[in-house]
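Participant: Provided below for reference: sequence and predicted model.
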Amino acid sequence: MSTPTIRRRNDRRSLRSRGGLIKYAYNNTSQNGEDGIVARLFNVLLPPSKHRHCVDVGAWDGVHLSNTYSLLVGNGNEHAKDGGEGTQWTGVLIEANPQRFQELKKLHDPLVGNICVCAEVSYKPTSSRSLTSILKRDAPHLPSDFDFLSIDIDGMDYWVLADTLGVSSQMSEIKEGEMSSSYRPKVICIEFNPTMPIDLVYVQPRDDNIRHGSSLSALVELANAANYTLVETTLFNAFFVQKEIYEMHLVKEVPDTSIEALHEVSMGTELYQLYDGTIHLWGCRRLLWHRLPIDEEKIQMLPPEERSFPFHPSVAVSSSFSSEGRTKKTQAGGRTTNENSDRRMKQQLTKYQNTSDAKFKSDRLREMAVDMSPYCDTHATMDKKRECFAKLNKTLHRDGFALVRGFGIPESLCKDALRAAKSFLHEADESVRRSCLTKDRARRGYSPMCSENFASLIGKHGPNDLVKKFRIGPLPNKKNLDTLHPMSSLHQPNEWPTAEVWGDENASHFKFTIEEYFARSCHAADCILRAICDGIIDENKNLSIVESIKVLSPDTCNSENDADMGDEPKNHTSILTLLGYQPGSRHKKGSKGYMRPLVSAHTDVGMITLLHFDSGKCAALERAYKSSNTDPENIEWIDVDLPPFHYDDPIFVVNVGDCLSDLSGGSLRSTLHRVMPRPCPPNDAALDEVARTCLALFVGLEPSVSLTLPSGEVISYEEWRRRRIARATAVMKST
Ligand SMILES: O=C(O)CCC(=O)C(=O)O
Ligand SMILES: [Fe+2]
């Protein structure tokens with residue numbers, strides 16, 4: 001098996017200066033060369049002094065990893081003159097741990113002048129355990145500009161330094177009146193957290209009980225605010241000197257005092273991600289202070305069997321409904337860029353080659369689909385219903401689209417209906433289709449290719465849509481036929497292809513199958529509306545929304561008139577449209593290198609739309625991604641797909657229409673969508689594979705039902721539709 005090549009280029013690291021104080025680093029008792037740096041500073045660079053003072057916070061036993069041992073005790077060992085020839089050092093040594101403190105005392109008691117304090121230093125300036133309080137109380141003769149301060153207390157180091165130097169928590173200013181009471185050591189050595197990135201400013205919470213440590217960058221900001229300059233770092237420690245001292249004595253030795261020149265993060269742990277979702281570690285692969293290895297397998301988000309590239313051509317749309325999904329940007333008029341259509345071309349040609357990926361994609365889409373069965377099953381518990389509407393409405397709020405399943409519609413019926421639609425729209429002679437042309441083909445019967453224009457729904461001009469359609473709707477019922485109730489334009493007789501032109505069997509099978517699908521999908525739509533309604537009522541205490549949304553619940557909207565209607569169909573105005581797409585002129589790129597939509601970008605007018613389609617390759621539904629519907633000029637588009645694999649429990653797409661969006665006060669979005677051509681395999685490919693068929697149920701309410709708009713106005717559904725269409729027409733006329 002081939003393995004990846006993994007290494008790091010050296011450039012960034014080689015910037016780190018090796019020529020400054022670090023050149024003199026060595027350890028006597030220190031951990032990472034601090035003894036040598038201190039010696040260089042006080043022996044050579046700073047003006048000589050007969051007597052020097054140091055303070056060691058976190059002194060341990062005075063020896064272990066000590067930065068002051070060589071100054072205070074070191075006589076007699078190989079670096080006897082560490083603190084400067086002829087210089088006498090005295091120190092204040094503070095240690096919190098009582099056992100270690102005993103050792104510390106044992107070491108220092110015989111040495112004249114050294115003071116040992118057993119205390120856990122607090123960050124609180126007002127505390128009797130603050131460093132300034134301890135120094136003032138226990139070492140009253142310590143000069144305020146003593147020579148060397150070493151802080152290593154594994155947590156609050158930053159805040160102890162801030163309080164000692166009198167820097168406010170904002171780091172930008174010296175606290176008023178505190179300077180005189182503060183200390184200004186000439187040189188500071190302080191520990192930082194060496195795992196943190198070089199540009200990270202991390203200041204641990206100001207809490208004695210928290211042990212995070214702070215970053216080097218944070219300490220540099222703090223020190224700069226108090227007029228100190230960074231002059232060197234070791235693995236864990238930063239050295240700062242007073243700015244004036246730096247300028248007088250150290251500029252030559254340390255010309256570049258930037259963090260980048262003086263530090264290299266060698267204990268950092270970095271993460272990067274592979275396309276297939278694997279998380280890789282780089283750098284330090286262990287928990288530094290716990291001495292535990294970081295197990296790469298334990299920090300993975302996906303189990304090994306789920307690690308694959310989600311946008312692999314054959315799994316291209318696994319996140320159709322996720323806001324984080326792959327998107328494509330288009331230019332004005334909804335054109336796909338050259339780059340995208342080339343990529344699309346490749347994707348389409350390889351889309352179904354890899355069956356295991358297709359299965360993976362199917363399973364993902366199925367997982368995403370909201371199970372609506374609690375709304376179809378009269379015995380479902382409220383908890384189940386709540387779970388259902390919460391998932392549904394969450395997705396609809398976010399995307400305006402969702403996948404739904406669990407209606408009990410047999411898969412065989414969906415397949416038969418798609419098959420029947422395909423044979424009518426694609427295989428039958430045009431004369432069959434023309435046998436059911438109606439006057440009002442926007443509502444019933446056959447609507448030929450290029451005879452409609454959905455761009456007009458959003459008040460746009462554009463080429464006519466390249467799709468054939470056939471529509472049926474609810475029949476006029478007793479109420480409509482009553483002379484007192486003139487038939488609404490939304491209720492009309494259906495028109496079917498005639499037996500004379502298509503043959504008895506074809507015609508009756510078509511009518512029977514499509515009517516059956518219509519009835520079952522209307523029932524599914526009722527379930528969805530009830531769930532949406534419950535969801536909105538649950539999440540909304542706003543009365544006008546609740547009032548207006550109640551109409552969605554089919555039980556409510558039809559209850560008045562149901563009693564005397566027996567088994568008559570309800571008065572809804574839902575229309576089932578069969579849509580047929582075939583490869584045509586728009587499948588070739590135009591002179592400008594982009595493709596034009598088969599159905600222009602639009603929003604659906606009614607309540608919801610319930611879609612079911614086959615995997616025909618020549619067309620694909622896309623929805624706008626994270627865009628405002630009022631600005632369709634610059635939109636990112638994302639595919640809306642159904643699983644190419646069939647399940648016993650068929651999956652549908654539901655999207656929010658304008659009326660529902662209005663009733664919800666805009667909280668449910670009616671998202672702009674369109675149908676785009678997809679490159680097809682060569683011309684001789686079977687029509688069966690390329691033609692695309694869609695069953696779209698556009699769900700409408702009873703024409704006379706009263707809607708309470710969020711504004712409080714009460715109008716009928718029919719009036720709402722009239723205004724909606726008039727609005728779009730007015731926009732079109734003005735452009
Ligand atoms: O064919 C499709 O996928 C959807 C068509 C559509 O959006 C419509 O007819 O409103
Ligand atoms: Fe639509």
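Facilitator: Nice, I can see it. Ligands and ions are numbered 1, 2, ... in the order given.

Participant: Identify the residue nearest the residue of the stretch 401-550 of the chain found nearest ligand 1 in space, chain neighbours excluded?
Facilitator: Residue nearest to ligand 1 within the stretch 401-550 of the chain: residue 454 (6.3 Å; C-beta to the nearest ligand atom). C-betas here are computed from N, CA, C, even on glycine. Of all residues not flanking residue 454 in the chain, residue 602 sits nearest, at 4.1 Å (C-beta to C-beta, 6 or more residues apart in numbering).

Participant: since we're on the one you found, how many residues are nearby?
Facilitator: Residues lying near residue 602 (other C-beta atoms under 10 Å) number 25.

Participant: Equivalent analysis for residue 505, please.
Facilitator: By the criterion of other C-beta under 10 Å, residue 505 has 9 neighbours.

Participant: isn't the residue of the stretch 401-550 of the chain closest to ligand 1 right up against residue 603?
Facilitator: No: judged on C-beta atoms under 8 Å, residue 454 makes no contact with residue 603 at a distance of 9.3 Å.

Participant: quick one, longest helix in the chain?
Facilitator: helix 504-539 (DSSP state H).

Participant: Tell me which residues of that one come out buried.
Facilitator: 506-507, 509-511, 513-514, 516-518, 520-522, 524-537 (16 or more other C-beta atoms under 10 Å).

Participant: filter those residues by proximity to ligand 1?
Facilitator: Checking the buried residues of helix 504-539 against ligand 1 by C-beta under 6 Å from any ligand atom, not one of them is in range.

Participant: Local confidence estimate at residue 494?
Facilitator: According to the prediction, residue 494 has pLDDT 92.

Participant: correction: residue 355
Facilitator: On pLDDT, residue 355 comes in at 47.

Participant: where's the residue in the chain sticking out farthest from the centre relative to ligand 1, distance?
Facilitator: What lies farthest from the middle of the chain is residue 86; by C-alpha atoms, centre = their mean that is 64.4 Å. According to C-beta to the nearest ligand atom, to the nearest Å, residue 86 stands 91 Å off from ligand 1.

Participant: Over to that residue. Which of the three states is it?
Facilitator: coil (DSSP: H, G, I helix; E, B strand; the rest coil).

Participant: dump the residue contacts of it.
Facilitator: Applying C-beta atoms under 8 Å, 6 or more residues apart in numbering, we find residue 86 in contact with 48, 50.

Participant: let's go with 6 Å and repeat that
Facilitator: Listed by C-beta atoms under 6 Å, 6 or more residues apart in numbering, the contact set of residue 86 is empty.

Participant: per-residue confidence for it?
Facilitator: pLDDT, residue 86: 76.

Participant: re the thing from before, so in terms of bridging, what pairs with the residue nearest to residue 454?
Facilitator: Applying DSSP bridges to residue 602 yields these beta-bridge partners: residue 673.

Participant: try residue 622
Facilitator: residue 639, residue 674.

Participant: quick one: it from residue 637, how far?
Facilitator: 4 Å (C-beta to C-beta, to the nearest Å).

Participant: What of residue 394?
Facilitator: 22 Å.

Participant: do residue 122 as well
Facilitator: Distance from residue 122 to residue 637, by C-beta to C-beta: 59 Å.

Participant: These two - which one has more neighbours?
Facilitator: Legend: neighbour count by other C-beta under 10 Å for residue 122 and residue 637, higher for residue 637 (25 against 19).

Participant: pretty sure the more buried one is in a strand, no?
Facilitator: Yes: the assignment for residue 637, made by three-state DSSP, places it in a strand.

Participant: Quickly list what the residue in the stretch 451-600 of the chain that ligand 1 sits nearest to is bridged to.
Facilitator: Going by C-beta to the nearest ligand atom, ligand 1 is nearest to residue 579 of the stretch 451-600 of the chain, at 4.6 Å. When assigned by DSSP bridges, residue 579 has beta-bridge partners residue 469, residue 694.

Participant: Could you check how far stretch 258-266 is from the centre of its chain?
Facilitator: In terms of C-alpha atoms, centre = their mean, to the nearest Å, the centre of stretch 258-266 is set 33 Å apart from its chain centre.

Participant: how long is it end to end?
Facilitator: End-to-end distance for stretch 258-266: 17 Å, by C-alpha to C-alpha, to the nearest Å.

Participant: residues of it that come out buried?
Facilitator: Those would be 259, 261, 262, 263, 264, 265, for stretch 258-266 by 16+ other C-beta under 10 Å.

Participant: Of all pairs in those, which one spans the longest distance?
Facilitator: For these, the farthest-apart pair by C-beta to C-beta is 261 and 265; their separation is 13.6 Å.

Participant: hang on, residue 232 packs against residue 19?
Facilitator: No: checked against C-beta atoms under 6 Å, the pair residue 232 and residue 19 is beyond contact range at 11.0 Å.

Participant: Comparing these two, which shows the higher neighbour count?
Facilitator: Neighbours per residue (other C-beta under 10 Å) separate residue 232 from residue 19, with residue 232 holding more: 28 against 11.

Participant: ok, now which ones touch that one?
Facilitator: Residue 232 makes contacts with 20, 21, 22, 37, 239, 262, as judged by C-beta under 6 Å, 6+ apart.

Participant: what do you get for residue 57?
Facilitator: By C-beta under 6 Å, 6+ apart, residue 57 lies in contact with 94, 121, 151, 153.

Participant: from the residues you listed, which is closest to residue 48?
Facilitator: Taking C-beta to C-beta as the measure, residue 48 lies nearest residue 151 of the contacts of residue 57, at 25.4 Å.

Participant: Next up, phi/psi of the closest one, please.
Facilitator: phi -120, psi 120 (degrees, to the nearest 10).

Participant: right, and it touches residue 190 too?
Facilitator: Yes: the pair residue 151 / residue 190 is scored as a contact, 4.5 Å apart, by C-beta under 6 Å.

Participant: shared neighbours of the two, anything?
Facilitator: Common neighbours of residue 151 and residue 190 (C-beta under 6 Å, 6+ apart) are residue 157.

Participant: Give me the contacts around stretch 126-135.
Facilitator: 117, 119, 121, 122, 124, 142, 160, 163, 164.

Participant: Just the buried residues of that stretch, please?
Facilitator: Neighbour counts over stretch 126-135 (16+ other C-beta under 10 Å) mark 129, 130, 131, 132, 133, 134, 135 as buried.

Participant: export those residues to JSON lines and tack on distance to residue 51?
Facilitator: Below are the buried residues of stretch 126-135 laid out as JSON lines (distance: C-beta to C-beta, whole Å):
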{"residue": "129", "distance to residue 51": "28"}
{"residue": "130", "distance to residue 51": "26"}
{"residue": "131", "distance to residue 51": "22"}
{"residue": "132", "distance to residue 51": "22"}
{"residue": "133", "distance to residue 51": "24"}
{"residue": "134", "distance to residue 51": "21"}
{"residue": "135", "distance to residue 51": "17"}
